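[1] Below are the sequence and a predicted model for it; my questions follow.
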Amino acid sequence: MADGSPADLSAARGGMLRRVLASWWAPRRVVRGLADIPDTTLLVVVMLAGLMQLVSQAPGHARAAQIDPSIPLDARMGGALMGSLFMLPLLAYFVAGLSGLLLRVTPWRIDPRHARLALFWALLAAAPASLLAGLTAGFVGPGPALTLTRAIAGVGFLLIWGAGFRALTRRQ
């Protein structure tokens, strides 16, 4: 029984990390297993995804501030904070609602909560690749390596999101 002890919290974090990593090779199974999580947990997922995006942007902003000191690092990170923790969740809710509405013109149907789950989980599951792209932006800078890591993060996000939709839609 979960009582909120440190061991329970550690097990919950380990389970989340395992699910994020498993999403890269079995996204349908992972998302289907998350289908019953409540909306409050979905909010936590999208906020955590935003936090991971903020962290992934820090090395690139540090490099940019070092190269062009006219915009200091704290100003750059303030803008990133606004975008990642405030605008990203709002935009994610909008996109999830819009994608659910667009599916209504097809024979496939999805519950609005499941549309949110598919998108929010894809944002969180793509975080490791986004972190790698952020490190590449900070240490290597612009070039083929950064393009490749960003492409991997983007394609991974789209594939996990699409697999989440496939796992949660029903044909009518």
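    Received it, and whenever you're ready, just let me know what you need. Every value quoted in this text rests on a predicted model; they were computed, and no experiment measured them.

[2] quick one: low-confidence ranges for the protein?
    For the chain, the stretches with pLDDT under 70 are 1-14, 171-172.

[3] Could you pull out the helices in it for me?
    6-22, 27-33, 39-67, 73-81, 88-102, 112-125, 127-139, 144-168 (DSSP state H).

[4] contact partners of the last one?
    In this case it means helix 144-168. Under the criterion C-beta atoms under 8 Å, 6 or more residues apart in numbering, residues 23-24, 27-29, 31-32, 35, 99, 103, 110-111, 114-115, 117-119, 121-123, 125-126, 129-130, 132-133, 136-137, 140 lie in contact with helix 144-168. For the C-beta atoms, the positions are set from N, CA and C on the backbone; glycine is no exception.

[5] how about the protein, which residue sits the furthest from its center?
    The centre of the chain is farthest from one residue, residue 70, which by C-alpha atoms, centre = their mean lies 30.9 Å away.

[6] gap between residue 160 and residue 95?
    The gap separating residue 160 from residue 95 is 15 Å, by C-beta to C-beta, to the nearest Å.

[7] list the contacts for residue 60?
    Each residue near residue 60 by C-beta under 8 Å, 6+ apart is listed here: 134, 137-138.

[8] From residue 104, how far off is the residue nearest to it when sequence neighbours are not counted?
    The shortest distance from residue 60 to any non-neighbouring residue, by C-beta to C-beta, 6 or more residues apart in numbering, is to residue 137 (3.3 Å). Distance, residue 137 to residue 104, using C-beta to C-beta: 39 Å.

[9] cool, residue 65 as well?
    46 Å.

[10] These two - which one has more neighbours?
    Just comparing residue 65 and residue 104: by other C-beta atoms under 10 Å the higher neighbour count belongs to residue 65, 17 against 10.

[11] Was I right to think the more buried one contacts residue 80?
    No: judged on C-beta atoms under 8 Å, residue 65 makes no contact with residue 80 at a distance of 11.5 Å.

[12] And for residue 53, the neighbour number?
    By other C-beta under 10 Å, the residues close to residue 53 number 21.
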